[in-house]
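[1] Sequence and computational prediction follow.
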Amino acid sequence: MSLAKIAISPKELELVKNADWILTKNAVLDKLATLMGQIGNAYREDIQHFVDLAQRTDILVSPKVSRGEQYLGLPYIMLDYPRHFTTENIFAIRSLFWWGNHCSIHLVLKGQALKDFGPSIDRFLDLQGRRHPGLAHWFIGVNPDPWHHHFEPDNYQPLNQWPGKSVTELPFLKLGAKMDLTDWEDWVGFFLKSYKDLLSMCTEY
């Protein structure tokens, strides 16, 4: 049996020989997983101020932090809270650190959750106006799969350019916002503010 030859470039060989960068990456991911856990605890406190959600025991299970190596080939840390996933119904806010790309937050509503909270989001958009500067950083999902989290045009469209009339007419609603990794000192503030903004959109209009 002949074995295939594997060509390794000089740059790749240097990485293979250097264990330090892998250890550093693992240490960074450990720190970020701890940070996501702390953010999840803050989320639990914040949601108590939103009466329409604070009573929803179906969605207020414990925050879940997950990590992996292969979202489009790159490591990630993910926090889901609140979270309720069934085939027909979804209420989830997903906070994501994606190595080499961004921090982002995503609201997904489907089924009864979209019926319950979609009208408030419609009223919010009507009051704010689609082209309001405050909405400039929000995107709406246009991909038939709600579990893609990149911001390429085939997945997310700027909310102020969305031509739809009512979010309740969608098979599911996905809203997202992102933050550049270079602004790492502002990550926590980005997550906490965006989270409260999403809860407000869902319940206060």
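    That came in fine, so what should we check first?
[2] SS state for A7?
    Here A7 is coil, with the state taken from DSSP: H, G, I helix; E, B strand; the rest coil.
[3] Can you tell me what sits against the longest strand seen in the chain?
    Using DSSP state E, we find that the single longest strand of the chain is strand 74-85. Identification of contacts with strand 74-85 by Cβ atoms under 8 Å, 6 or more residues apart in numbering yields 25, 29, 32-33, 36-37, 39-40, 43-44, 47, 53, 56, 58-69, 90-101, 113. (Glycine included, C-beta is placed from N, CA and C.)
[4] Now, of those, which are buried?
    29, 32-33, 36, 39-40, 43, 47, 53, 59-60, 63, 65, 90-99, 101, 113 (16 or more other Cβ atoms under 10 Å).
[5] Return the subset of those lying in helices.
    Within these, residues falling in helices by DSSP state H are 29, 32-33, 36, 39-40, 43, 47, 53, 113.
[6] ok, back up a step: what are the pairing partners of the longest strand of the chain, and which direction each?
    strand 64-71 (antiparallel), strand 90-98 (antiparallel) (DSSP bridges).
[7] Let's have those in JSON lines, adding distance to F117 and mean pLDDT.
    Converted to JSON lines, the strands paired with strand 74-85 look like this (distance: least, Cβ to Cβ, whole Å; pLDDT from 0 to 100):
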{"stretch": "strand 64-71", "distance to F117": "21", "mean pLDDT": "96"}
{"stretch": "strand 90-98", "distance to F117": "8", "mean pLDDT": "97"}
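[8] I'd like these laid out as TSV, including distance to L181.
    As requested, the strands paired with strand 74-85 are exported to TSV (distance: least, Cβ to Cβ, whole Å):
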stretch	distance to L181
strand 64-71	15
strand 90-98	8
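[9] right, and those - which one's nearest S120?
    Nearest of the strands paired with strand 74-85 to S120, taken as Cβ to Cβ: strand 90-98 at 13.0 Å.
[10] Relative to the helix or strand following that closest one, what are the paired strands and their orientations?
    Downstream of strand 90-98, the first helix or strand assigned by DSSP states H and E is strand 102-110. Note on strand 102-110: by DSSP bridges, its sheet partners are strand 90-98 (antiparallel), strand 173-180 (antiparallel).
[11] chain center to strand 102-110: distance?
    Strand 102-110 has its C-alpha centroid displaced from the chain centroid by 3 Å (Cα atoms, centre = their mean, to the nearest Å).
[12] if we look at it, which residues are touching it?
    By Cβ under 8 Å, 6+ apart, strand 102-110 touches 88-98, 117-118, 141, 146, 149, 151, 167, 171-181, 187, 190-191, 194-195, 198, 201-202.
[13] For it, the averaged confidence score.
    Mean per-residue pLDDT for strand 102-110: 98.
[14] do stretch 42-52 as well
    On average, stretch 42-52 scores 94.
[15] follow-up on the earlier one: can you put the ones in helices among the buried ones among the contacts of strand 74-85 in a markdown table and add distance to W162?
    Below are these laid out as a markdown table (distance: Cβ to Cβ, whole Å):
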| residue | distance to W162 |
| --- | --- |
| L29 | 34 |
| L32 | 31 |
| A33 | 34 |
| M36 | 29 |
| I39 | 28 |
| G40 | 29 |
| Y43 | 26 |
| I47 | 26 |
| L53 | 24 |
| A113 | 20 |
